[in-house]
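S.K.: From the sequence below, what's the structure:
(2 chains)
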Amino acid sequence: MTSELPVDPIAIDVGDLLQRTVASLYSHLVTRQTGRAVRMAIEARIHDAGDMSLSLIDLSEVTIMDFSCADEVVAKLLQGYQRPGRAEAFFVFRGVREPHRHQIEVVLERQGLAAVAETEPGRFELLGAATAEEVSSWQALEERGLLTEDEMAQGIAESRREEALDRLLRRRLAFRSPVTGRWHALSRLVSHLL
Amino acid sequence: MQVITIPGSLDHQTVDELLDGVASVEEGRRALFDGRHVRWVDPNGMLALLVGGAAAVQRGGAPPRLELPESADVLGYLSRMGFFREAQGVFEFEDRTPKRGSGPSDVLLEITPVRANVDVHEVVNRVQTRSGAILASKLGYPATAVVQFSVILSEVCQNIVEHAESPGWVAAQAYNWSKRLGRWVVVISVMDLGRGFRGSLGAEHAARYGDRWSDATALEAAFLHGLTRFPDSGRGQGIQQIRRQVQRWNGAITIRSGTARIGQVPEWDDAPPLTDGLAPFPGAQISIVLPARSAGDA
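M.R.: Numbering: from 1, shown residues only, chains lettered A, B, ... in the order given. Below is the predicted model of the structure:
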């Protein structure tokens, strides 16, 4: 737990979860029923973490992921925690390589969602639906890892600044310390788990 | 006994002839499927025989009789594809079927029943290990195509589990269409005897269409617009994404349900995009043909 982040990030290996709890004979993330069971197992882990959490969802060991599972394990997972009254949960998806990337992008865009994903070792991208302002702010933060409010706002037209930064926070694509007000890239906060 | 003559070449282009013939079997009358002159059969033809036989039973008749092909090659191929194992629960037929060899199979995906999620996992497991070499060597697809191919099969089989509320079958095989197209193709077939698209979507969407609601409009709603019976906006992506992937590979996909067949066909296929007025047949019958890359492909 860092002084600015009031939680310990948790790593959730979906390949391991799939084999242990859902379908011990199969290593593929296919069928909606399987995706739903995996999502519920992830939610149970997050529930144990308390009112605020940051999870590194690791897809590295998943060979095949179909659209139904991408919808359940990525889109519905994110959607669920954006509802009022739910715990404040942040996510970084790891191991989003070529075989999974298209399915994840499709389900995110269809639902108007975005997610932080490691698409190559050490390289993070914002996948899904995001405005130009959100992308530029997020990229600036990702490049430096830690920014002040003023630094975050650079490059965004003043009239759109507040909305763009507010959206990044509401969509939980970045973390703002309640202690210092500084902005943290989610990738930086999970770097010790990679 | 009502005789249904099976076309000599039973494939994606002739299965409607067979299914229309089954639809004409009178209630309670036993059917005889005459396959003596079958010279060629692909996964669509084999599954059409199975759903045709099962539909004949549903119409109140005794298990239909199947007259087996005279061609030893066709019998051997049906055996390798696992047809007779599945046909035992559907037809009565003479016990002169060749035994399946114990050596390595050249089949991409034998006829596999799809009843539940575990069957979809099994299908993906099998094609994931077998399809890589075929997609690369016969079709010239990149190594990553195995994933998209597996995703297509997963989504198309889930259509049975999620929407049909009835069991079905899936099968796939690679062929050299030297005369027809001058290239190798992979043929995938998925068929069931469930509620069909009109039955699945009706409660949720029929009212909006009013008098225009039919098998054809139900197919258009699902195939072109991604509608499903679920209000969840995350649903309905499967068929949409299958269409897009098949298009990227310059392939053809058609779906028959009830009295209509809808398709997305490339320039090499002369099938119409929509056929209506077929004989009513239960469930959904999906055919996908993926051709080898040609020199002109991007």
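S.K.: Please list all residues in contact with the closest residue to B:A72 other than its chain neighbours.
M.R.: Nearest residue to B:A72, sequence neighbours excluded (CB to CB, 6 or more residues apart in numbering or on different chains): B:P98, at 7.7 Å. Any C-beta I mention is one placed from the backbone N, CA and C, and that applies to glycine too. By CB atoms under 8 Å, 6 or more residues apart in numbering or on different chains, the residues touching B:P98 are B:72, B:75-76, B:79.
S.K.: What of B:D42?
M.R.: B:D42 neighbours (CB under 8 Å, 6+ apart): B:10-12, B:173, B:175, B:187, B:189.
S.K.: ok, it to B:Y175 distance?
M.R.: Applying CB to CB, to the nearest Å, the value for B:D42 to B:Y175 is 7 Å.
S.K.: any weak-confidence spans in chain A?
M.R.: Scanning chain A for pLDDT under 70 picks out A:1-3, A:22-25, A:155-157.
S.K.: Spell out the residue ranges of the helices in the chain.
M.R.: If you meant another chain, say so; for now it's chain A. Under the criterion DSSP state H, helices of chain A are mapped to A:14-17, A:32-49, A:67-70, A:77-80, A:98-110, A:132-144, A:149-153, A:158-170, A:186-189.
S.K.: wrong chain, I was asking about chain B
M.R.: Counting by DSSP H, chain B has helices at residues B:15-23, B:43-58, B:72-80, B:83-87, B:117-137, B:145-159, B:196-209, B:215-223, B:237-248.
S.K.: Turn these into JSON lines, including mean neighbour count.
M.R.: Listed next are the helices of chain B as JSON lines, based on neighbours: other CB atoms under 10 Å in any protein chain shown:
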{"stretch": "helix B:15-23", "mean neighbour count": "21"}
{"stretch": "helix B:43-58", "mean neighbour count": "25"}
{"stretch": "helix B:72-80", "mean neighbour count": "16"}
{"stretch": "helix B:83-87", "mean neighbour count": "20"}
{"stretch": "helix B:117-137", "mean neighbour count": "19"}
{"stretch": "helix B:145-159", "mean neighbour count": "25"}
{"stretch": "helix B:196-209", "mean neighbour count": "18"}
{"stretch": "helix B:215-223", "mean neighbour count": "23"}
{"stretch": "helix B:237-248", "mean neighbour count": "19"}
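S.K.: Show me which residues of chain B sit near chain A.
M.R.: Within chain B, the positions near chain A by CB under 8 Å from any CB of the partner chain are B:117-118, B:120-121, B:124-125, B:128, B:144, B:147-148, B:150-151, B:154-155, B:158, B:161-162, B:233-235, B:237-238, B:241.
S.K.: For the spatially closest residue to B:T14 that is not a sequence neighbour, grab phi and psi.
M.R.: The spatially closest residue to B:T14, leaving aside those adjacent along the chain, is B:P7, at 4.2 Å (CB to CB, 6+ apart). Backbone torsions for B:P7, taken as degrees, to the nearest 10, come to phi -60, psi 150.
S.K.: what sits against B:P7?
M.R.: B:P7 sits next to B:14, B:17-18, B:38 when contact means CB under 8 Å, 6+ apart.
S.K.: That one and chain A, how far apart?
M.R.: Here the criterion is CB to the nearest CB, to the nearest Å. By it, B:P7 lies 34 Å from chain A.
S.K.: swap in B:V107?
M.R.: Distance, B:V107 to chain A, using CB to the nearest CB: 20 Å.
S.K.: Where does the prediction get shaky in the stretch 1-150 of chain B?
M.R.: In the stretch 1-150 of chain B, residues with pLDDT under 70: B:100-105.
S.K.: So which of the helices of chain A is nearest B:M46?
M.R.: B:M46 lies closest to helix A:67-70 among the helices of chain A, at 26.8 Å (CB to CB).
S.K.: If you drop the residues flanking it in sequence, what lies closest to the spatially most central residue of chain B?
M.R.: In chain B, the residue lying closest to the centroid (CA atoms, centre = their mean) is B:S189, at 2.9 Å. Residue nearest to B:S189 in three dimensions, not counting chain neighbours: B:P43, with 3.9 Å by CB to CB, 6+ apart.
S.K.: who's in contact with that neighbour?
M.R.: Listed by CB under 8 Å, 6+ apart, the contact partners of B:P43 are B:81, B:111, B:171-173, B:187-189.
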